[in-house]
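Asks: quick one, fold the following:
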Amino acid sequence: MSRRADRLFQIIQTLRGGRLVRARDLAERLEVSERTIYRDISDLISSGVPIDGAAGVGYLLREGFDLPPLMFTRSEMEALALGARMVQAWASADLGEAAAEALVKIAAVLPDTDRSRMEQTRLYAPDCVQTPEDRGRLAVLKAAIDGRTVLTIGYQRPNAEPETRPIWPLGLFFWGRVWSLAAWCELRQDFRTFRVDRILSTNDAERRYPHQRGRTLADYLVIQRSAESAATAPASVS
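Replies: So this is what the prediction gives:
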């Protein structure tokens, strides 16, 4: 939901109380100018929301008005259900729980018929491949990405001895059966892609990496796209 759409929703919710609410109070609550509130009120009225009142006096919402329920097509509901099930099956435990909770919230505001259709969607994502260790590792990597935390990882390449790499975790990518981690490798002083299922250990280096030009996820993606335009295979995997 965009910032403005969120603000319009909050205005409607605030005006439900049955008493006049001044534009000044709305502006303070939503941290915008009174001029913005006046414009939002005008737009809401133009779209059919029954708001009474006037500038300098206050506004209220006439009784009987309710926001229309969320409406999705059958394909949209199936996509939502399948997407949530895929996250539950293949992502970390915390994201799986968040996906399940999001479905509960969506279902709560759907009409009964649509809710039943979504719950009975016959599209599944079996969760028999991801191990608890995989899920735990994904959670650690996601937290490091969010916190820009340098990690020292133990990594096992095929037919090679285990090695240790200090890295800047930048992004996680799902390829259908495996996850990969895009990172800046301090040892190689270059971008590297690591298969998550080959990461043996993750240790916090107790320092954060900077947002440094030439070493960001956006820079990595530029290089990745250039590699994909030259060949069908993805960028090299360590």
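
Asks: what sits closest to the residue most central in space within the chain if chain neighbours are left out?
Replies: Against the mean C-alpha coordinate of the chain, by CA atoms, centre = their mean, the closest residue is L95 at 9.3 Å. Nearest residue to L95, sequence neighbours excluded (CB to CB, 6 or more residues apart in numbering): V87, at 5.5 Å. C-beta here means a position set from N, CA and C on the backbone, and glycine is covered the same way.

Asks: how about that neighbour, secondary structure?
Replies: helix (DSSP: H, G, I helix; E, B strand; the rest coil).

Asks: that one - how many residues pack around it?
Replies: V87 has 20 neighbours, counted by other CB atoms under 10 Å.

Asks: same question, S116
Replies: S116 has 11 neighbours, counted by other CB under 10 Å.

Asks: on that earlier part again, Q130 versus the residue nearest to L95, what's the distance?
Replies: 11 Å (CB to CB, to the nearest Å).

Asks: quick one: pLDDT of the residue nearest to the centre of the chain?
Replies: Turning to L95, the model gives it a pLDDT of 92.

Asks: any idea which helix or strand carries it?
Replies: helix 93-108 (DSSP states H and E).

Asks: buried residues in stretch 99-113?
Replies: Going by neighbour count (16 or more other CB atoms under 10 Å), the buried part of stretch 99-113 is 99, 103, 106-107, 110.

Asks: what is the nearest of those residues to F65?
Replies: Nearest to F65 out of those is L110 (CB to CB; 19.9 Å).

Asks: isn't that closest one right up against M118?
Replies: Yes: counting by CB atoms under 8 Å, L110 does reach M118; the two are 6.9 Å apart.

Asks: any chance you could list residues touching both of those two?
Replies: Here L110 and M118 share the contacting residues F72, scored by CB atoms under 8 Å, 6 or more residues apart in numbering.

Asks: between the buried residues of stretch 99-113, which is nearest L172?
Replies: Of those, the one sitting nearest to L172 (CB to CB) turns out to be A99, at 15.4 Å.

Asks: my read: the residue nearest to L95 touches D94, true?
Replies: No: using CB under 8 Å, V87 makes no contact with D94, being 10.4 Å away.

Asks: what are the boundaries of the strands in this protein?
Replies: Residue ranges of the strands in the chain, as given by DSSP state E, are 51-54, 58-61, 149-155, 163-174, 179-185, 190-195, 199-208.

Asks: among these, which comes closest to Q13?
Replies: strand 58-61 (9.1 Å).

Asks: low-scoring stretches of this protein, by residue?
Replies: Along the chain, segments meeting pLDDT under 70 span 1-2, 64, 66-71, 109, 231-238.

Asks: repeat the analysis, applying 80 as the threshold.
Replies: 1-6, 16-18, 63-74, 108-114, 127-129, 228-238 (pLDDT under 80).

Asks: distance of the closest residue to R117 other than its chain neighbours from L123?
Replies: If the residues on either side of it in the chain are set aside, R117 comes closest to M77, at 5.7 Å by CB to CB, 6+ apart. Per CB to CB, M77 is found 10 Å from L123.

Asks: now do the contacts for L123.
Replies: Per CB under 8 Å, 6+ apart, neighbours of L123: 78, 81-82, 85.

Asks: change it to 7 Å
Replies: By CB atoms under 7 Å, 6 or more residues apart in numbering, the contact set of L123 is 78, 81-82.
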